[in-house]
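model the structure of this input:
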Amino acid sequence: MKVSLLLATLLAFSIPTFAENQAIDLSNATTKAIHVAMKPGEISGKPVLVVTKDPAITAFDEPTFVKLAGREFRNGTIEVKVMSKLLKDAPDFARGFIGVAFRINEDNSRFESFYVRPTNARADDQLRRNRSTQYFSYPNFKFDRLRKEAPGQYESYADMTLNEWIAIKIVVRDDKAKLYLNGGEYPVLVVNDLKHGPDSSGAIGLWVDVGTEGYFSNLRIYPE
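Below you'll find the predicted structure:
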């Protein structure tokens, strides 16, 4: 199936307003590719959505995601399983970047995000290990500014690796958010000052960055 026909097929469906404990069928969801390519796939007989960043976008921490339609998300919980593989032409600095954007505004010029760097988690360099997870806020608070102005506050260590499923859970309440991985009881990263403030709301996006072939499955949204 050609990419244009594939995207038209994906866009032809609509999802209902988010309801309590709602599972989102990514193969039938209304989505929009924002500076990414997307296609349906299958792993072990289960459907997945495959996402790669547009190589024309060379900056980091940009609006590069599959955006889901539906009621705006403000507070609640987002759960999704992700798997990151490196593309054959991935640059040396690729880390398998993959995650979730949330509270995305209409023109994609403002959003919050958590993502992971799977290659960092088991590196021999402890500093890299400490940068396995990341929060950023687009457009003014990308990873480099946050790392410079508040070292260690918006990134942390968590165990994970490439080519394996990682269960992501994000809990958002007002100007606070917590990132949990792989069913852990406690968060691996806590942010107490979401940069767009407590009243921000918007869409949810499945986010990737350079060098990543990202796989997404089992998306669930629990709004409050």
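
just name the shakiest helix or strand of this protein by mean pLDDT.
Least confident helix or strand, the chain: helix 3-11 with a mean of 35, by mean pLDDT, DSSP states H and E.

can you give me the helices in this protein?
Using DSSP state H, the helices of the chain run over residues 3-11, 126-129, 143-149.

so where's the protein uncertain?
Within the chain, the segments meeting pLDDT under 70 span 1-21.

90 - rerun?
The model of the chain has pLDDT under 90 over residues 1-30, 69-71.

who's in contact with Leu146?
By CB atoms under 8 Å, 6 or more residues apart in numbering, the residues touching Leu146 are 135-136, 153-155. Every C-beta, even on glycine, is put in place using the N, C-alpha and C of the backbone.

make a PyMOL selection of the buried ones in those.
The following PyMOL line selects those of the contacts of Leu146 that are buried, judged by 16 or more other CB atoms under 10 Å:
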select buried, resi 135+136+154+155
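
could the contacts of Leu146 go into CSV alongside distance to Gly96?
Shown next, in CSV, are these (distance: CB to CB, whole Å):
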residue, distance to Gly96
Tyr135, 17
Phe136, 16
Gln153, 23
Tyr154, 19
Glu155, 15
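
which single one of the contacts of Leu146 is nearest to Leu219?
Nearest to Leu219, judged by CB to CB, of those is Tyr135 at 19.8 Å.

surely the closest one meets Val172?
No. Using CB atoms under 8 Å, Tyr135 is not in contact with Val172, being 11.4 Å away.

intersection of neighbour lists for the two?
With CB under 8 Å, 6+ apart as the test, Tyr135 and Val172 both reach Glu112.

which residues sit against stretch 42-50?
Contacts to stretch 42-50, defined as CB under 8 Å, 6+ apart, come from residues 26-27, 38-41, 66, 83, 206, 213-217.

would you mark the buried spots in it?
The neighbour-count check on stretch 42-50 (16+ other CB under 10 Å) flags 48-50 as buried.

in strands, which of these appear?
48-50 (DSSP state E).

what would these look like in a markdown table with distance to Ile98?
Converted to a markdown table, those look like this (distance: CB to CB, whole Å):
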| residue | distance to Ile98 |
| --- | --- |
| Val48 | 12 |
| Leu49 | 12 |
| Val50 | 11 |
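
between the residues you listed, which is nearest Asp89?
Of all these, Asp89 sits closest to Val50, with 16.1 Å by CB to CB.

how far away is Pro91 from Phe60?
Distance of Pro91 to Phe60, given as CB to CB, to the nearest Å: 12 Å.

what is the neighbour count of Ser217?
Residues lying near Ser217 (other CB atoms under 10 Å) number 16.

so it is in contact with Val80, correct?
Yes. With contacts counted by CB under 8 Å, Ser217 reaches Val80, the gap being 7.4 Å.

before we move on, the earlier item: who wins for most neighbours among the contacts of stretch 42-50?
Gly214 (27 neighbours).

quick check, Phe114 in contact with Thr133.
Yes. Between Phe114 and Thr133 a contact is recorded at 7.0 Å, counting by CB under 8 Å.

does Ala158 touch Leu181 like I think?
Yes. Using CB under 8 Å, Ala158 is in contact with Leu181, at 5.1 Å.

intersection of neighbour lists for these two?
116, 133, 188.

contacts only, for the residue lying closest to the first one once chain neighbours are set aside.
It stands for Val116. Nearest in space to Val116, with sequence neighbours left out and distances taken as CB to CB, 6 or more residues apart in numbering, is Thr133 at 5.4 Å. Thr133 is in contact with 114-117, 155-158, 179, 181, 188-189, counting by CB under 8 Å, 6+ apart.
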